[in-house]
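I need the structure of the sequence given here:
(2 chains)
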Amino acid sequence: MAFTELMVVFVGDFGVAATRTPAAGGSAQDGTVIFDQPGSVVDGMDVIATEPLALMASTQWPTLAAGDLLTIGAHGYRVRQVLPLDDGATKRAVLAQVS
Amino acid sequence: MALAAAQVIDAVAARLLAVFPGAVFTDRAWPIVTLPAWRVLAGDESIAPMTVHGLQQHDLEVELIGVVRAVDAVDDAMHALASQALTALNTPSPVLGFTLTGIGRALQGEAEAAHGQITLRGLVSFATAPAAPDTLITIS
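Below you'll find the model as predicted:
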């Protein structure tokens, strides 16, 4: 059976509100992301850190790029990388918390 | 008393604690949560007989591993951390004759890519009597 749910519905079911502020300038843009922040031990440093990640539909913020700021809840995150996933319908932003 | 080398580590760590209260660790088994922080660890220790009183000279490699988190300018943050530590180690005089022998740097390359590690390597020489390994005799 085909998976027919719309991506916007999928992200909406599990997502949270987020606001993107482009590093290149321009107005802030609202959106929805699935936000995760698993913990890990930084390789070679024996330091416990979190790895914040935002998953979203690829159609959201098509020009999202490294350096942009995402505000999720009470915190700000700098985008480190933007990676398309699987068939390209979703993308993942690797984040670094800045506030 | 502890083995003389452990006393050296404690003395070096005490200098850093004055500048980084609560953020200096001498146990390598536990991951660090709050940054910036330092680990002070004993490395290799060479021992050779001295010509006086049957004493042994110890040359202990000491590693001071500083870790910092900075989303921007992590290199600058690492260098500032090292500068503070070196000032503490050498003021008013080098702790137990600590001599800096090298500095290493490493950066987190994945995920947040916000962690930097700077390692200060140094040497501390001291003496002990063979039957009194816990009595540190300074020779600096």
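
Tell me the residues of chain B that contact chain A?
Residues of chain B lying close to chain A (CB under 8 Å from any CB of the partner chain) are B:28, B:30-33, B:35, B:37, B:39, B:67, B:69, B:71, B:106, B:108, B:110-115, B:117. Backbone N, C-alpha and C define where each C-beta goes, glycine included.

Which among those residues count as buried?
Neighbour counting over the residues of chain B next to chain A (16 or more other CB atoms under 10 Å in any protein chain shown) leaves B:32, B:35, B:37, B:39, B:67, B:69, B:71, B:106, B:108, B:111-115, B:117 as the buried ones.

Max pairwise distance over these: which two?
In terms of CB to CB, those reach their longest pairwise distance at B:R39 and B:V71, which sit 22.5 Å apart.

Give the buried residues for stretch B:128-136.
By neighbour count on 16+ other CB under 10 Å, the buried set for stretch B:128-136 is B:128, B:136.

Low-confidence ranges, chain B, go.
In the predicted model, chain B carries pLDDT under 70 at residues B:140.

Just give me the longest helix of it.
Of all the elements of type helix in chain B, the one with the most residues (DSSP state H) is helix B:74-90.

who are the neighbours of it, in terms of helices and strands?
Applying 3 or more CB pairs under 8 Å, 6 or more residues apart in numbering or on different chains; DSSP states H and E, one finds that helix B:74-90 contacts helix B:4-17, strand B:56-69, strand B:99-107, strand B:115-129.

Let's see that with 6 Å instead.
For helix B:74-90, the helices and strands in contact under the criterion 3 or more CB pairs under 6 Å, 6 or more residues apart in numbering or on different chains; DSSP states H and E are helix B:4-17, strand B:56-69, strand B:115-129.

Kindly reformat the ones you listed as TSV containing distance to A:D43.
Putting the helices and strands packed on helix B:74-90 into TSV (distance: least, CB to CB, whole Å) gives the following:
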stretch	distance to A:D43
helix B:4-17	24
strand B:56-69	13
strand B:115-129	10
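
which residues does B:G102 contact?
B:R121 (CB atoms under 6 Å, 6 or more residues apart in numbering or on different chains).

Okay, it and B:E61: tell me how far apart.
Plainly put, B:G102 is 10 Å away from B:E61 if you go by CB to CB, to the nearest Å.

now swap in A:P52 and tell me
In this structure, A:P52 lies at 37 Å from B:E61, with CB to CB as the measure.

more neighbours, the two?
Neighbour comparison, A:P52 and B:E61: the larger count goes to A:P52, with 22 against 17 (by other CB atoms under 10 Å in any protein chain shown).

Name the residues of the lengthiest strand in chain A that come out as buried.
Ordering each strand of chain A by length in residues (DSSP state E) puts strand A:75-85 first. Counting neighbours by 16+ other CB under 10 Å, one finds that the buried residues in strand A:75-85 are A:76-80, A:82.

Show me what secondary structure element comes after the helix or strand of chain A with the lowest mean pLDDT.
Using mean pLDDT, DSSP states H and E, helix A:7-14 stands out as the lowest-scoring helix or strand of chain A, at a mean of 82. Scanning the chain past helix A:7-14 towards its C-terminal end, the next helix or strand to appear is strand A:16-21 (assignment: DSSP states H and E).

That next one to strand A:75-85, inter-axis angle?
Relative orientation of strand A:16-21 versus strand A:75-85 (axes from the mean of the first three to the mean of the last three CA atoms, to 10 degrees): 90 degrees.

strand partners of strand A:16-21, parallel vs antiparallel please.
Next to strand A:16-21 in the sheet, as set by DSSP bridges, lie strand A:29-36 (antiparallel), strand A:69-72 (antiparallel).

All set now, cheers.
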